[in-house]
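**Q** the sequence and its predicted three-dimensional model are supplied below.
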Amino acid sequence: MRRFLERHWYAYAMVLPVVVVIAVLVLYPLAQGVFFTFTNINEANIANPVLDRPATYEGVGFKNYLNVLSGDASYGAFWGTLVRTIIWTFGCVFFHYTIGLGLALLLNREVKGRTLYRVLLILPWAVPAFISAFAWKYMFNAQYGIINQLLRSVGLPDPVWLGQSDWALFAVIVVNVWLGVPFMMVALLGGLQSIPGDLYEAAEMDGATPWQRFRNVTLPGLRSVSSTVILLGIIWTFNMFPVIYLIAGPNPNTRILVTYAFERFFSGASRDYAVASTYGVLILSVLLVFASVYRRALRKQGEVW
Amino acid sequence: MTLDASSLQVVRATDRRLKRSDRSALASVGLHAGLIIASLVAVFPVFWVLVTSFKPDARAVETSPKLFNESSLDNYTRILGGEKGAFLTWFGNSVLIALLTTVIAVFLSATTGYAASRFRFPGKRSLMMSFLVVQMFPFAVLIVPLYNILIALGLQGTSIGLVLVYCTTAVPFCTYMLKGYFDTIPTDIDEAGRVDGLSPFGVFWRLIMPLAKPGLAVTSFYAFLTAWGEVAFASAFLSAADESKTLAVGLQVFVQQNRTEWGHLAAASILVAIPAVIVFYLVQRFLVTGLSSGAVKG
């Protein structure tokens, strides 16, 4: 034991603060959250130290899970919401990645004003998300929003973007794509710059067309960056809450799992913590399953990660 | 993930992009056109907020777009003068919280990232895995348990409580990034430092930290933005008193039911965006190298 400590104490001393903070502020709340899913806790029966009221919620077994998984509309129509969440996630990440890659390829060339382009293109990342959300909400307004003014002026139909229709989902996806492209672009640009130039020279020597060079040199060279940022992107987008909440509010057409959990949590007369936590646990399970499948797929292709 | 430090040196030496002369004029035009369109899309919303911020609220909702419409600095003077809530106090709170978060999160993730990069110790793999899992749980749902804990710790309603909460979001990602960045710094440097009589902490603090500037810049940027723009926790944890609000919470006064003061909101938004853009401008040189070597290593 002493030898063990002697050998590793530097490492543990450096890691310890983070472990403590994560344990106290994430793992413990997480355990408590999981516990809540088996109770009927809500605003009315939670312990309230301010009012000096003890907790009076009780265990209900798997009732919350049964209610949620039944897909009942009064519990957020889980399956429909899950499908919408998946559309939202993959729609966003697909465009983040493809647009980000396209721009990274353009920026990776020698072009006049590269630094300026780069600064301008990263700007959406630097502006706080809630500000961008307000800006887009203003631009998407059906009457005075600039987008509809533009559409009207060229004679196109001007839909009510943020109303009760699937246009609202489309609109929030557009906003989130706008927000998320810079991160992907920067990460992929770095990845492109770490591909050795001789590989391209060799490919050119062998008479590879630009498309072949892209497919056989660029894409494999980006594999490890891509696999990391796509996984992160999917996790982040799946749980992306402020964009939808600030732009569309509690609109059932843009409801994804996280925003519904938050709705259960904060709105309504009886803040239903139990159902909100149940949603949280289900979200975590979906993501865990996804991440392990994703990792296995990567490992099968010889990636150690 | 398998790239080692020596190959990185090679990369730097042979970093050869397509020369401008290799390209036809048509391709050049297409390249610039693509970049210009993308830049316009990226900048336009921010530009439009700027334009709107000078308009009176009543003009901001007119149905024909104009660049100038009774534009003036009135919105700004009214906001800075405190007519629309204690804007400067909110601003101060946000700056304090964001800076504290940045300093603490970057320091914590640098030590952890360094330990994960240089030492083999039992539990390292599960530590890194847990960081990934932490990102998966929707933080919105941790609010009630967290609220209880902050009350128990006596930190509820204080800036420190909020800083700690933000650190839990920022630290995992920053640790991943910095571990990746530290991996690109040759271990020979550590060994040389040890031979010269530095302790492991000395090596970390005096040798590695200065070399890791790009990585540190990116993680600071990330941590700062995490804290600067956060809405959910700030609304839930800070007391309703005006003087404890952050900007993200305070700004919601401009978005009342059915009636949004767009002119004022836009002006306030510009004021909020300025510090973030300054921080961004300071680190943007480092963004590409810092982020990629982190992400490459995973």
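**A** Thanks, I have it.
**Q** are the helix or strand containing residue A:219 and chain B in contact anywhere?
**A** Element membership of residue A:219 [criterion: DSSP states H and E] is helix A:219-238. Yes - Helix A:219-238 lies within reach of chain B by Cβ under 8 Å from any Cβ of the partner chain, at A:224, A:225, A:227, A:228, A:229, A:232, A:235, A:236, A:238. Yep, even glycine has a C-beta here, placed from its N, CA and C like the rest.
**Q** can you point out the buried residues in the lengthiest helix in chain A?
**A** In chain A, assigned by DSSP state H, the helix with the most residues is helix A:78-107. Residues A:78, A:81-82, A:84-86, A:88-89, A:91-93, A:95-97, A:99-101, A:103-107 are the ones in helix A:78-107 that count as buried (16 or more other Cβ atoms under 10 Å in any protein chain shown).
**Q** filter these by proximity to chain B?
**A** Restricting the buried residues of helix A:78-107 to those near chain B by Cβ under 8 Å from any Cβ leaves A:99, A:103, A:106, A:107.
**Q** follow-up on the earlier one: so the helix holding residue A:219 versus helix A:78-107, what angle?
**A** Relative orientation of helix A:219-238 versus helix A:78-107 (axes from the mean of the first three to the mean of the last three Cα atoms, to 10 degrees): 140 degrees.
**Q** and the contacts of the following helix or strand past helix A:219-238?
**A** Following helix A:219-238 in sequence order, the next helix or strand is helix A:242-248 (DSSP H and E). Applying Cβ atoms under 8 Å, 6 or more residues apart in numbering or on different chains, the contact partners of helix A:242-248 are A:129-130, A:133-134, A:136-137, A:140, A:162, A:168, A:171-172, A:175-176, A:179, A:254, A:256, A:259, A:262, B:229, B:231-232.
**Q** other SSEs contacting the helix or strand where residue B:250 lies?
**A** Element membership of residue B:250 [criterion: DSSP H and E] is helix B:247-250. Judged by 3 or more Cβ pairs under 8 Å, 6 or more residues apart in numbering or on different chains; DSSP states H and E, helix B:247-250 is in contact with helix B:87-118, helix B:232-237.
**Q** switch the cut-off to 10 Å
**A** In terms of contacts (3 or more Cβ pairs under 10 Å, 6 or more residues apart in numbering or on different chains; DSSP states H and E), helix B:247-250 is packed against helix A:129-139, helix B:87-118, helix B:213-228, helix B:232-237, helix B:262-297.
**Q** now do the fourth one: distance to the chain's middle.
**A** Which is helix B:232-237. 18 Å (Cα atoms, centre = their mean, to the nearest Å).
**Q** quick one, strands of the stretch 1-150 of chain B?
**A** Here the stretch 1-150 of chain B has no strands by DSSP state E, counting those that start in this stretch.
**Q** give me the below-cutoff pLDDT ranges for it.
**A** Scanning the stretch 1-150 of chain B for pLDDT under 70 picks out B:1-23, B:140-141.
**Q** hmm, residue A:176 is touching residue A:94, no?
**A** No - between residue A:176 and residue A:94 there is no contact under Cβ atoms under 10 Å: 11.6 Å.
**Q** quick one, what contacts the closest residue to residue B:156 other than its chain neighbours?
**A** Leaving out its chain neighbours, the residue that sits closest to residue B:156 by Cβ to Cβ, 6 or more residues apart in numbering or on different chains is residue B:150, at 4.2 Å. Applying Cβ atoms under 10 Å, 6 or more residues apart in numbering or on different chains, we find residue B:150 in contact with A:25, B:156, B:157, B:158, B:160, B:161, B:162, B:164, B:165, B:237.
**Q** now residue B:150: how far from residue B:143?
**A** According to Cβ to Cβ, to the nearest Å, residue B:150 and residue B:143 sit 10 Å apart.
**Q** next, show the common contact partners of those two.
**A** B:165, B:237.
**Q** least confident of the residues of helix A:219-238 next to chain B?
**A** Lowest-confidence member of the residues of helix A:219-238 next to chain B: residue A:224, scoring 78 (pLDDT).
**Q** which residues of the stretch 201-305 of chain A score low on pLDDT?
**A** The low-confidence ranges in the stretch 201-305 of chain A, as defined by pLDDT under 70, are A:267-270, A:301-305.
**Q** can you name the residue of it nearest chain B?
**A** The stretch 201-305 of chain A approaches chain B most closely through residue A:280 (3.0 Å), counting by Cβ to the nearest Cβ.
**Q** do chain A as well
**A** residue A:190 (1.8 Å).
**Q** quick one: mean pLDDT over the one helix or strand that residue maps to.
**A** Assigned by DSSP H and E, residue A:190 belongs to helix A:166-193. Throughout helix A:166-193, pLDDT has a mean value of 89.
**Q** what's around residue A:265, how many residues?
**A** 24 (other Cβ atoms under 10 Å in any protein chain shown).
**Q** so what's it closest to, chain neighbours aside?
**A** residue A:276 (4.2 Å).
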